[in-house]
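Engineer: Mind folding the following:
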Amino acid sequence: MNDASGILTLLPRVGLALAPVLVFLAALLWFDSFRLVRFRLVAAALGMGAVCAGIGYAVNNALLSLLQIPLVTFAVIVAPLVEEGLKAAWGGWLSASGRVGFLIDGLILGFAVGTGFALVENLYYLHHLGRAPLLVWIVRGLGTALMHGGSAAVFMVILQGFGRHEGESGRRPWLAALAAAVLLHTTFNRFMDRPLLATGLLLAALPLILGLAYRLGERRLRRWLGDGFDQDARLLELLKSGAISSTHLGLALQDLTRRFSGHAIADMLALLRLQAELNIMAKGRLLLIEKGFEPAPHAELGTMLREVRGLEDRIGRAGLLALRPLGRWQGRRPWQRRYLEDLAEHADRV
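Structural biologist: Numbers count the residues shown, from 1 in each chain. From the prediction side, this is the model:
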């Protein structure tokens with residue numbers, strides 16, 4: 001009876017500690033009308049967030065012992081740098097490796113990393129302080145957990161929203177994004193002596209900030225889909241008709257003929273055509289998904305991607321670098337290519 005009573009007493013605390021941040025993450029996924037983020041990537045982000053929490057615990061304990069400063073000072077100055085730096089390392093890798101292409105999927109995966117971190121942290125506190133007053137778990141579940149998810153999401157929003165644009169190679173604002181995440185974390189910890197105030201301010205501000213970022217990301221994505229679809233269609237029409245000699249692309253290719261053989265130029269044209277076809281395929285799929293359809297992967301998708309890889313091997317590194325300013329897989333194209341490769345892999349498994 002005592003055991004049953006203890007479990008019943010603990011259940012509300014477990015719910016408050018773990019449920020709010022998971023519900024918020026589920027809501028972000030539900031609002032993703034383009035289904036940009038695959039479940040396995042969300043699961044990986046949650047797992048990496050958990051790993052970051054374990055590493056952060058060890059690093060924070062070592063630094064606290066080494067620095068010999070008051071715990072409150074450490075929580076306001078040092079801990080946010082350590083914890084946000086760890087979460088940002090994973091989020092930055094997602095962005096740099098082309099696994100994130102837009103503001104929306106960056107926001108979702110950033111929040112997922114923070115969610116994994118918060119779940120492990122709160123499970124640790126449940127183990128040691130399971131019977132603490134409900135107020136503690138309101139603060140940890142609604143406040144601290146959402147802060148971890150929100151700070152990581154803010155990092156990704158700034159990285160994607162103010163980073164390089166389509167077709168440009170400018171640097172991403174890594175330091176500015178990390179500074180914003182650390183500032184949010186530090187500000188929350190600064191009010192540890194007034195936890196209800198900190199939690200209330202976070203609950204008022206975070207949904208508004210992320211909601212505005214989500215709407216901005218969706219508007220940008222729709223604009224990219226519409227403009228990019230038209231550009232790819234025009235390029236494909238020119239390549240198929242052969243009427244490119246007087247265009248910017250044709251003039252640039254004429255310049256390349258002085259440096260590369262005729263066979264290499266033919267391969268370059270074939271690659272540009274395939275890229276345009278695959279771009280149209282990817283954008284068309286996203287547009288159909290937004291309208292509620294579930295299009296099957298193109299039957300020739302795997303073959304086309306293998307042909308792309310074969311052409312790239314024949315063209316070689318020097319040729320690809322020369323072709324890059326003309327190619328259609330810059331900017332968000334690494335994400336787009338990975339998206340298509342995942343579709344082809346899924347089709348092969350099915």
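Engineer: Any buried residues in stretch 338-350, and which?
Structural biologist: By neighbour count on 16 or more other CB atoms under 10 Å, the buried set for stretch 338-350 is 339-340, 343-344. In short, each C-beta sits where N, CA and C put it, glycine included.
Engineer: Which ones among those residues map onto helices?
Structural biologist: Secondary structure assignment (DSSP state H) places 339-340, 343-344 from those within helices.
Engineer: Now for the residues you listed: which two are most distant?
Structural biologist: Spatially, the most separated pair among these is 339 and 344, at 10.0 Å (CB to CB).
Engineer: Return the distance of the worst-scoring helix or strand of the chain on mean pLDDT from the chain's centre.
Structural biologist: One helix or strand of the chain scores below all others by mean pLDDT, DSSP states H and E: helix 248-256, with a mean of 74. A distance of 36 Å separates the centroid of the chain from that of helix 248-256, by CA atoms, centre = their mean, to the nearest Å.
Engineer: list the contacts for the residue nearest to the spatial centre of the chain?
Structural biologist: Central residue of the chain (CA atoms, centre = their mean): residue 106, 2.7 Å from the mean position. Going by CB atoms under 8 Å, 6 or more residues apart in numbering, residue 106 touches 91, 94-95, 100, 156-157, 159-160, 217.
Engineer: mean confidence for the helix or strand harbouring residue 28?
Structural biologist: In the assignment (DSSP states H and E), residue 28 maps to helix 2-31. Summarised as a single mean, pLDDT over helix 2-31 is 83.
Engineer: on contacts alone, who are the packing partners of that helix?
Structural biologist: Helices and strands touching helix 2-31, by 3 or more CB pairs under 8 Å, 6 or more residues apart in numbering; DSSP states H and E, are helix 103-129, helix 134-138, helix 145-161, helix 195-241.
Engineer: give me that answer again for 7 Å
Structural biologist: helix 103-129, helix 134-138, helix 145-161 (3 or more CB pairs under 7 Å, 6 or more residues apart in numbering; DSSP states H and E).
Engineer: Could you identify which of these is most buried?
Structural biologist: A comparison of the helices and strands packed on helix 2-31 by mean neighbour count, using mean count of other CB atoms under 10 Å, puts helix 145-161 on top with a mean of 28.
Engineer: Residues contacting it, please?
Structural biologist: 20-21, 24-25, 84, 87-88, 91, 95, 100, 102-103, 106-107, 109-111, 113-115, 117-118, 122, 172-174, 176-178, 180-181, 184-185, 188, 202, 206, 210, 213, 216 (CB atoms under 7 Å, 6 or more residues apart in numbering).
Engineer: any idea of the mean pLDDT for the strand or helix carrying residue 43?
Structural biologist: Counting by DSSP H and E, the element that carries residue 43 is helix 39-67. Helix 39-67 shows a mean pLDDT of 96.
Engineer: Would you mind writing the CA trace of stretch 102-119 as CSV?
Structural biologist: Provided in CSV are the C-alpha atoms of stretch 102-119 (Å, rounded to 0.1, in the frame of the first residue of the first chain):
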residue,chain,number,x,y,z
PHE,A,102,15.4,25.7,-43.6
LEU,A,103,14.5,27.8,-40.6
ILE,A,104,11.6,25.5,-39.7
ASP,A,105,13.5,22.2,-39.6
GLY,A,106,16.3,24.0,-37.8
LEU,A,107,13.9,25.2,-35.1
ILE,A,108,12.4,21.8,-34.6
LEU,A,109,15.7,19.9,-34.4
GLY,A,110,17.2,22.6,-32.2
PHE,A,111,14.2,22.2,-29.8
ALA,A,112,14.6,18.4,-30.0
VAL,A,113,18.3,18.6,-28.9
GLY,A,114,17.3,20.8,-26.0
THR,A,115,14.4,18.4,-25.1
GLY,A,116,16.8,15.5,-24.9
PHE,A,117,19.1,17.5,-22.6
ALA,A,118,16.2,18.6,-20.4
LEU,A,119,14.7,15.1,-20.1
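Engineer: What ranges in the chain fall below the confidence cut-off?
Structural biologist: 1-9, 164-171, 242-247, 249, 327-333, 348-350 (pLDDT under 70).
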